[in-house]
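Peer 1: requesting a structural model of the entry that follows:
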Amino acid sequence: MPGPEVTLHSLFDLNPGCTETGFKAAYDAFAAHLRDAGFVVSWCTRRRLPHAGYDTDPPATGFAADLVFADRAAMLLAWDHVEADGPGVQGVHHAVNRQVCKAQFFLTEVVD
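Peer 2: The predicted structure follows:
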């Protein structure tokens with residue numbers, strides 16, 4: 001039986017000259033590639049919404065994105081796939097990376 005879902009959270013800013021629309025199109029293509037390869041079950045992109053009351057320790061970046069994996073095994077396989085930088089993933093991954101700066105990443109797992 002698979003374990004709980006794992007989410008890769010990304011915090012970042014867009015490079016000068018890059019647009020939200022262009023980034024979202026590139027991120028959607030990358031995430032769809034990972035979904036089609038059987039690694040990712042869902043994804044989303046977000047823009048920070050600053051609020052004086054809620055922001056107790058806000059990140060220094062303006063955007064966030066999530067990739068949701070079915071479990072740890074799928075997350076580890078996706079890591080290996082992207083790190084291999086092979087045909088198919090190379091172009092879509094680099095298209096995302098070219099648009100972002102100040103990127104930070106962390107993983108979370110659903111608590112059963």
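
Peer 1: what bridges to C101?
Peer 2: Per DSSP bridges, the residues bridged to C101 are D13.

Peer 1: residues touching it, list them.
Peer 2: F12, D13, L14, N15 (CB atoms under 8 Å, 6 or more residues apart in numbering). Where C-beta positions appear, they are placed from N, C-alpha and C, glycine not excepted.

Peer 1: with V110 instead?
Peer 2: P4, E5, V6.

Peer 1: 10 Å - rerun?
Peer 2: G3, P4, E5, V6, T7, V68, D71 (CB atoms under 10 Å, 6 or more residues apart in numbering).

Peer 1: neighbour-wise, give me the winner out of the contacts of C101.
Peer 2: Most neighbours among the contacts of C101, by other CB atoms under 10 Å: F12, with 21 neighbours.

Peer 1: show the pLDDT at it.
Peer 2: The model reports F12 with a pLDDT of 98.

Peer 1: many thanks, I have nothing further to ask.
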